[in-house]
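Colleague: Any chance you could fold what I've pasted below:
(2 chains)
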Amino acid sequence: MGKEAKNDEIDILFQMLLIRRFEERASQQYQQQKIGGFCHLYIGQEAVVSGTVAVLRPDDYIITAYRDHGHALARGTSADACMAELFGKATGCSKGLGGSMHFFDVKNHMYGGHAIVASHVPLATGMALASKYKDEDRVTVCYLGDGAINQGSFHEALNMAGLFELPVIYIVENNQFAMGTHVKRSIPMDKIVDRAKGYGMKSAVIDGMDVRAVIKDFTPIVEDVRKNKQPWFIEAETYRYRGHSMSDPATYRTREELEKRKEQDPISKLQSDLIKEGKLTQEKFDEMDKKAKKISLDSVAFAEASPQPPLDELYNYTYYAEETK
Amino acid sequence: MREITYRQALNEALFEEMERDKNVFLIGEEVAEYNGAYKVSQGLLDKFGPKRVIDTPISENGFAGMSIGAAMVGLRPVVEFMTFSFSLVAFDQIVNNAPNMITMSGGQLHVPVTFRGPNGPAHTLGATHSHATESLFANFPGLKICTPATPRDAKGLLKTAIRDNNPVLVLECELLYSVKGLVEDEGEELLIPLGSAEVKREGSDVTIICYAQTVPMALNAAEELSGMGINAEVLDLRSIRPLDLDAILASVSKTHRVVVAEQDRPVCGIGSEITYQIQHHIFDELDAPILRVAQEDVPMPYNELLEIAVLPNSEKIVNAVKRVCNL
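Modeller: Here you go, the predicted model:
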C-alpha cells in the first residue's frame, strides 16, 4: 500500500504557482538560448495536473505527452532537476539525455515525457495491464492532449483498455488547440468525451480551470478505478496561455479570446477563494509567490553550474547492461 | 538430443520460459484460443490460462505499445506478430519507444520485451506479406535482432531473448516452421547467446555468410560446390544486432573470399554493412571482391515464377561463389 494522498489546498496553490513561475523562468532562458530544441509550456493548465496528482497515491503511475514540465513538478521532481534537464545537464531528471519533451522520474512514478503524439497511450495501457497482472491496486493516469485523440494508437489502446477492463484513467487535457488546429477543425462531433462510448468506458467532463472542481470530481473516479478495475475517460476543459511551443506566436486566436480565458485563471481563482474564506492572506500569498520565484531562479543557477553529461558515457544508455535476473 | 521441428522448438522455448518466470506472458493476434496462426503457441493457453496468453484485437501498434508499457514496469512480454510484415504497423512503437526509453529516461527505465514471428518472404504471398524487415530494424541502436535458421537455434535464441533486459526481435521463418533438426533433450537447458555466429559447415576456400532462410540455401550450395572442388565455409550469423564481427573476420581471414547470402533486398541490406566491415577491418585479407546474393530490387510479385526469380537461392549462391573463386 502506498502513502495517503497529499491534499492540502495551500500546498496545491503553491504547486500551481511553482509550475507557473518555473515555466516563466524557462521561457526566459529559452529566449536567451540556454535551452535547446522544442519547449512546450503548460501555463494556464496547472489546475489539471495539480488537482489530479493531489488525489493520487504516490505509487500510482502517471505518464504524459511532451507538455510535461508541470507533471514532473507535480509529482515531486525538483525544479533543479527539471531546469537542469532543459539545459541538457547531467543533473537533469533524465541526465540531460531527454530534454524538455522527455522528463522522467521513475522514483516518483512519473514515466515520461513522450513526444510522438499519442504514442504513450498504449504504454499507459500496458502499465495498467501490468498492475492488473500483478494484482496490485495501483491506478495509472495517462494525460494526453486533444490532438492525440485522432491518432490510431489512441484508438487501439482505448479499445483494449475497455476490452480488458484495465485500471487506467485517460485524461484529455483539452486546451482547445492541437498546435494551431482548433478542436472544432479536427473532430466531427461536439464533445471529445463522447468518444468514450465507443470504448465501453465510463466518462466525465471536468472543469480543468478550477482545481477544487478537479479534485472533487476526480476523487470518486480514482476510488472507482482502484476498487472496480475499470477504465475511465475524462475530458478536462482547459486553456494554454502560450503558443503551442516557444516558436509559435499563436496567431490562430484573438487577444480578446486569450484575455477572456485568463479571467478564469486557476491560480487567481483558488487564491481569491481562499482569501475570501479566511484561509489565506494576501501577505501569505505574496510570500508563497516569492518563494516559487526564488526556487525557479535558483534552479537556473543550479542548471548553469551543473556539468555536461560525460562524453565517455555516450554508449552507456543504449543497452541495459545488468545481467539477466 | 532428439529431432523436433522449428515450430516445436519455439513452442518449447515459450513453454519453458513461462514456466520459469511468472512475469513472462505471450500476447498477440490468435495466440490463445486459435493456438497461433502458425501453431507456435499450441497448448500454451491450456497450460497457462488467459491471463498469460492474451488474444488481442487486430491492433499491432496498440499491443506492441502495451507490451512496452508492461515491460517498463517489470513484466517480460513476448509479442507475436502474425508476420513481421504486420510489425510495420507498429513501427513507431518498436523503433521509437522500445529502444529509446533507456536513453530518454537517462537509464531509469529498460524494456525487456521480445517481439517474435515469421519474417521474410514465404511463398506467393505478394508484396505486402513478404517483407524481410531485418535491415530496417538493424538501423536502430537499442534493439537486438536474432535470426534462427535451425530448430536448435530457434529454441536457444528465443529463450535468451526472453531473458534479455533489452528489446529483442526474434525473426523466424515461415518456410522453416516444419523443418526438423536435432535439439537438446527436454529438461536440458539450452541458451544460445545473442551476437554469436556459428560455423554451420567448415571450409577453406570461400566463406558464405548467411542467416535465416539463406542458411539452408548456403548449405545446399556448399554441397554442390564441393563437387566442383570448392570447399566452402558456411557462417550462420544467427544475430544481426549485435553482429559477431569476430567470427566473420576469423572466417574470412581463413578463406580470403566472401559471398554474403541475405534474404532481404540489396539496397542498404544486411550485406552492405557486412561488406563494409570486412573491407574496413581486413582489406588485405581479401583475394577477390565480395559478392552479395540478395532479393532483386523490386516489390515482391505474386506470380510464382517471378517470385523465384526475385529470391536468393542455392543456384545464385553457387554462381556467386564461382565468380569470387574465378571459376
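Colleague: In chain B, mark out all the strands, start to finish.
Modeller: B:2-5, B:24-28, B:53-55, B:76-80, B:114-118, B:144-146, B:168-172, B:180-183, B:198-201, B:206-210, B:232-236, B:239-241, B:258-261, B:291-293 (DSSP state E).
Colleague: Return the list of helices and strands in contact with the fourth one.
Modeller: Here strand B:76-80 is seen to pack against strand B:24-28, helix B:60-72, strand B:114-118 when contacts are counted using 3 or more C-beta pairs under 8 Å, 6 or more residues apart in numbering or on different chains; DSSP states H and E. For glycine as for every other residue, the C-beta is placed from the backbone atoms N, C-alpha and C.
Colleague: Nearest to residue B:284 among those would be which one?
Modeller: strand B:114-118 (39.6 Å; C-beta to C-beta).
Colleague: anything in that closest one near chain A?
Modeller: No. Strand B:114-118 lies out of reach of chain A by C-beta under 8 Å from any C-beta of the partner chain, never closer than 12.3 Å.
Colleague: Describe which strands that strand pairs with in its sheet and in which direction.
Modeller: Looking at strand B:114-118 with DSSP bridges, its partner strands are strand B:76-80 (parallel), strand B:168-172 (parallel).
Colleague: Spell out whether the helix ranked longest in chain B and chain A are in contact.
Modeller: Secondary structure of chain B per DSSP state H: the longest helix is helix B:6-20. No. Applying C-beta under 8 Å from any C-beta, one finds helix B:6-20 separated from chain A by no less than 10.9 Å.
Colleague: Can you report how many residues lie near residue A:293?
Modeller: 17 (other C-beta atoms under 10 Å in any protein chain shown).
Colleague: Now do the same for residue 145: its pLDDT.
Modeller: As the question left the chain open, I've gone with chain A. Note for residue A:145: predicted pLDDT of 96.
Colleague: Sorry, I should have been clearer: chain B.
Modeller: Residue B:145 is given a pLDDT of 98.
Colleague: Hmm, residue B:243 and it touching each other?
Modeller: No. The criterion here is C-beta atoms under 8 Å, and residue B:145 misses it with residue B:243 at 9.3 Å.
Colleague: Which of the two has more residues huddled nearby?
Modeller: Ranked by neighbour count (other C-beta under 10 Å), residue B:145 and residue B:243 place residue B:145 first, with 28 against 18.
Colleague: Give the bridge partners for the more buried one, please.
Modeller: Judged by DSSP bridges, the bridge partners of residue B:145 are residue B:169, residue B:241.
Colleague: In contact with it, which residues?
Modeller: By C-beta atoms under 8 Å, 6 or more residues apart in numbering or on different chains, residue B:145 lies in contact with B:134, B:137-138, B:168-169, B:171, B:239-241.
Colleague: ok, how many other residues are close to the closest residue to residue B:150 other than its chain neighbours?
Modeller: Closest residue in space to residue B:150, ignoring its immediate chain neighbours: residue B:181 at 4.7 Å, by C-beta to C-beta, 6 or more residues apart in numbering or on different chains. Residue B:181 is flanked by 18 other residues according to other C-beta under 10 Å.
Colleague: For the chain, give me the ranges with low pLDDT.
Modeller: If you meant another chain, say so; for now it's chain A. Applying pLDDT under 70 to chain A flags residues A:1-7, A:322-325.
Colleague: I'd say residue B:279 and residue B:290 touch.
Modeller: Yes. Using C-beta under 8 Å, residue B:279 makes contact with residue B:290 at a distance of 7.4 Å.
Colleague: More neighbours: these two, which one.
Modeller: Legend: neighbour count by other C-beta under 10 Å for residue B:279 and residue B:290, higher for residue B:290 (20 against 15).
Colleague: From chain A, how far off is that one?
Modeller: Residue B:290 sits 28 Å away from chain A, going by C-beta to the nearest C-beta, to the nearest Å.
Colleague: list the contacts for that residue?
Modeller: B:258-260, B:275, B:278-279, B:324.
Colleague: 7 Å instead, please
Modeller: B:258, B:260, B:275, B:278 (C-beta atoms under 7 Å, 6 or more residues apart in numbering or on different chains).
Colleague: Just give the number of residues close to the residue nearest to residue A:182 when sequence neighbours are not counted.
Modeller: Excluding the flanking residues, the one nearest residue A:182 by C-beta to C-beta, 6+ apart is residue A:176, at 6.1 Å. Counted with other C-beta under 10 Å, the neighbours of residue A:176 add up to 16.
Colleague: ok, now the one 3 residues further on?
Modeller: For residue A:179, the neighbour count with other C-beta under 10 Å is 14.
Colleague: what residues are up against it?
Modeller: Per C-beta under 7 Å, 6+ apart, neighbours of residue A:179: A:147, A:244.
Colleague: Quick check: it vs chain B, distance?
Modeller: Counting by C-beta to the nearest C-beta, the gap from residue A:179 to chain B is 19 Å.
Colleague: Strands of chain A, start to end?
Modeller: A:61-64, A:110-113, A:140-145, A:168-174, A:177-178, A:181-182, A:202-207, A:232-237.
Colleague: quick check: angle from the third one to strand A:168-174?
Modeller: Same thing as strand A:140-145. 20 degrees (axes from the mean of the first three to the mean of the last three C-alpha atoms, to 10 degrees).
Colleague: For strand A:140-145, name the packing helices and strands.
Modeller: strand A:61-64, helix A:120-133, strand A:168-174 (3 or more C-beta pairs under 7 Å, 6 or more residues apart in numbering or on different chains; DSSP states H and E).
Colleague: make it 10 Å
Modeller: helix A:46-55, strand A:61-64, helix A:69-75, helix A:120-133, helix A:152-164, strand A:168-174, helix A:211-228, strand A:232-237 (3 or more C-beta pairs under 10 Å, 6 or more residues apart in numbering or on different chains; DSSP states H and E).
Colleague: Spell out which parts of the stretch 151-300 of chain B neighbour chain A.
Modeller: B:160, B:162-167, B:191, B:241-242 (C-beta under 10 Å from any C-beta of the partner chain).
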